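Q: Here is a sequence with its predicted model. Questions after.
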Amino acid sequence: MKICKHFGICGGCSFQDIPYSQQVTTKKNRVEALIKKYGIKTLTKEVNTFDTWFYRNKMEFTFFEKDSGIICGFHEKENKRQVTALSECPISFSDTDVILSAVCAFAQKNGYSAYNKYSHKGFLRNLIIRQSKFTKQTMIVLVTTDEIEFNVEKYKEMIISIPCEYPVNSVYRVVNNSWSDAVVFEKKEHIWGEEYIVEKINDLKFKIGPDTFFQVNPKGMSSLYSKIMLYADLTRKKRILDLYCGAGGIGMGLAKKADFVWGVELSPDIVKFAQENAEQNNIKNITFIAQDVRLFLNTQDNTDKKIDLVVVNPPRGGLSQKVIRAIKRLLPSKLIYSSCNPEALCRDLKEFSDQYTIEFVEPFDFFPHTKHLECLAVLTKNNDEKDIKNGII
């Protein structure tokens, strides 16, 4: 059984020493336990599985300063104040070692310091690598403070000379002076190459920028999108609301067989990418709205639309009570709920169970060797006779 040499020290993959078939069984059992916990009447489908190695399309590494020099890697599992240098990461890219080594050598040679999150001093913070698995392109994003002058030209020459399996075709620098541990895109500087990389999922092309939200497992995403299309059972008369739509992938696929799709996403920058994605895929019967989902659902002009299908793919925390109530007021014939948090999913499904039959929950193992799991649930509106009995209509 293959095990990464950093397993046990790195805080990433907690299941890597468990045979994969057992990982899948454990994850399905967890979903079934949550369904039972929340008293949901439904069935759990078999777990969809994909490549178990080199499946991630994005990784975020942290710079750290040791006596031996600058390193780049992940925070240690048992000591979050320490970072372990990586020479491989078999869930991400085959190029991990060569990219991290080249950037650290460049930093050492030019005297750049690593940022210390406790003293809030230092220059280098993070290195983000994004790869498109189907089109085989690489974007590298260096995150720094603006503490010192940065030699952009020398950095660019070094990056584009790295012999990557998937060629580097987009290079960015991001300035982040915030005290937050998370990467804050205060200022984006496009250094070289294309402004974005392009990924192809099924028959759709997607532009991916430095801060674009995109599912981390493209092959899993391809399967998920295909299943959503199948379960939506669309006709040209159906009107669809795609909430928390991100870069528009689900909505664009559905638009090909629907009357019209409205996609709602909070971030104007992500909505801009979604609009560009729709244009490059020549999809005209979709529109994207940059607005908070709760506010959108509670705007009269928006909720007057007759909606046949609502698709939701919320953040890990799931849906708020106000959003759930607003969706129930719309009373679409079908609701498709995609979630990376099975606990939040099952909690929310319970709230819909008075008006909807939860047909099934279907797991997708987007995250092999970790505890995480994507799930899809399909809900259909109870028939009119049952609705009247329950006092809903």
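A: Thanks, I have it. Residues are numbered from 1 along each chain as shown.
Q: From now on I want contacts and neighbour counts done on CA atoms only, so please keep to that.
A: Will do.
Q: in the stretch 201-350 of the chain, which spans are helices?
A: 218-232, 249-255, 268-280, 293-297, 300-303, 321-330, 342-352 (DSSP state H, counting those that start in this stretch).
Q: So for the longest one, what gets flagged as buried?
A: Neighbour counts over helix 218-232 (16 or more other Cα atoms under 10 Å) mark 218-226, 228-229, 232 as buried.
Q: still on that earlier bit, ok, which of the helices of the stretch 201-350 of the chain comes nearest V152?
A: Of all those, helix 268-280 sits nearest to V152, with 25.0 Å by Cα to Cα.
Q: Tell me the buried residues in that closest one?
A: Residues of helix 268-280 classed as buried by neighbour count (16+ other Cα under 10 Å): 270-271, 273-278.
Q: Check which helices and strands it sits against.
A: strand 204-208, strand 286-290 (3 or more Cα pairs under 8 Å, 6 or more residues apart in numbering; DSSP states H and E).
Q: thinking again about what came up before, of the helices of the stretch 201-350 of the chain, which shows the lowest average pLDDT?
A: Mean pLDDT values for these show the minimum at helix 300-303, a mean of 60.
Q: would you turn the helices and strands packed on helix 268-280 into CSV with distance to T144?
A: CSV is the format used below for the helices and strands packed on helix 268-280 (distance: least, Cα to Cα, whole Å):
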stretch, distance to T144
strand 204-208, 21
strand 286-290, 29
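Q: how about those, which one is nearest E76?
A: strand 204-208 (29.3 Å).
Q: who does that closest one pair up with?
A: The strands beside strand 204-208 in its sheet (DSSP bridges) come out as strand 197-201 (antiparallel).
Q: Nearest residue to E165 in space, please, no chain neighbours.
A: Distances taken as Cα to Cα, 6 or more residues apart in numbering put D95 closest to E165, at 6.6 Å, once the chain neighbours are dropped.
Q: What's the local residue count around the one you found?
A: 20 (other Cα atoms under 10 Å).
Q: Let me know whether it touches V168 as I believe.
A: No: at 10.7 Å, D95 does not count as touching V168 under the criterion of Cα atoms under 8 Å.
Q: Could you report the distance from D259 to N313?
A: 21 Å (Cα to Cα, to the nearest Å).
Q: Also L379?
A: Counting by Cα to Cα - L379 and N313 are separated by 14 Å.
Q: ditto for K117
A: 32 Å.
Q: Likewise for Q280?
A: Counting by Cα to Cα - Q280 and N313 are separated by 23 Å.
Q: outside of stretch 3-14, which residues touch it?
A: 16-17, 74-78, 84, 86, 88-90, 369-371 (Cα atoms under 8 Å, 6 or more residues apart in numbering).
Q: Next step: those residues restricted to strands.
A: The members of those that map onto strands under DSSP state E are 74-75, 84.
Q: just the buried members of these?
A: Looks like the ones in strands among the contacts of stretch 3-14 have 74-75, 84 buried, using 16+ other Cα under 10 Å.
Q: In a markdown table: the residues you listed, plus pLDDT and distance to F352.
A: Putting those into a markdown table (pLDDT from 0 to 100; distance: Cα to Cα, whole Å) gives the following:
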| residue | pLDDT | distance to F352 |
| --- | --- | --- |
| F74 | 93 | 39 |
| H75 | 90 | 39 |
| T84 | 90 | 44 |
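Q: State whether C104 is indeed within a helix.
A: Yes: using DSSP: H, G, I helix; E, B strand; the rest coil, the assignment for C104 is a helix.
Q: Assess the claim that it and G73 are in contact.
A: No: judged on Cα under 8 Å, C104 makes no contact with G73 at a distance of 10.5 Å.
Q: More neighbours: which of these two?
A: When neighbours are counted by other Cα under 10 Å, C104 and G73 differ, and G73 comes out ahead with 24 against 19.
Q: from what I can see that one touches E88, true?
A: No: G73 lies out of contact with E88 (Cα under 8 Å); the separation is 9.6 Å.
Q: buried sites along the longest helix seen in the chain?
A: The residue-count maximum for a helix in the chain (DSSP state H) belongs to helix 20-37. Within helix 20-37, the residues scored as buried using 16+ other Cα under 10 Å are 20, 23-24, 27-28, 30-32, 34-35.
Q: measure K328 to S338 for me?
A: The value you get for K328 to S338, if Cα to Cα is used, is 17 Å.
Q: The two - which one has more neighbours?
A: Regarding K328 and S338, a neighbour count based on other Cα under 10 Å identifies S338 as having more, with 24 against 18.
Q: wait, what's in contact with F214?
A: So F214 contacts 208, 246-247 (Cα under 8 Å, 6+ apart).
Q: now it: how far from E374?
A: Counting by Cα to Cα, the gap from F214 to E374 is 14 Å.
Q: now do C245
A: In terms of Cα to Cα, C245 sits 16 Å off from E374.
Q: more neighbours, those two?
A: Each of C245 and E374 has its neighbours counted (other Cα under 10 Å); C245 has more, 26 against 21.
Q: what's the helix or strand containing R173 in contact with?
A: Element membership of R173, judged by DSSP states H and E, is strand 168-175. For strand 168-175, the external contacting residues (Cα under 8 Å, 6+ apart) are 137-146, 156, 159-160, 185-197, 210.
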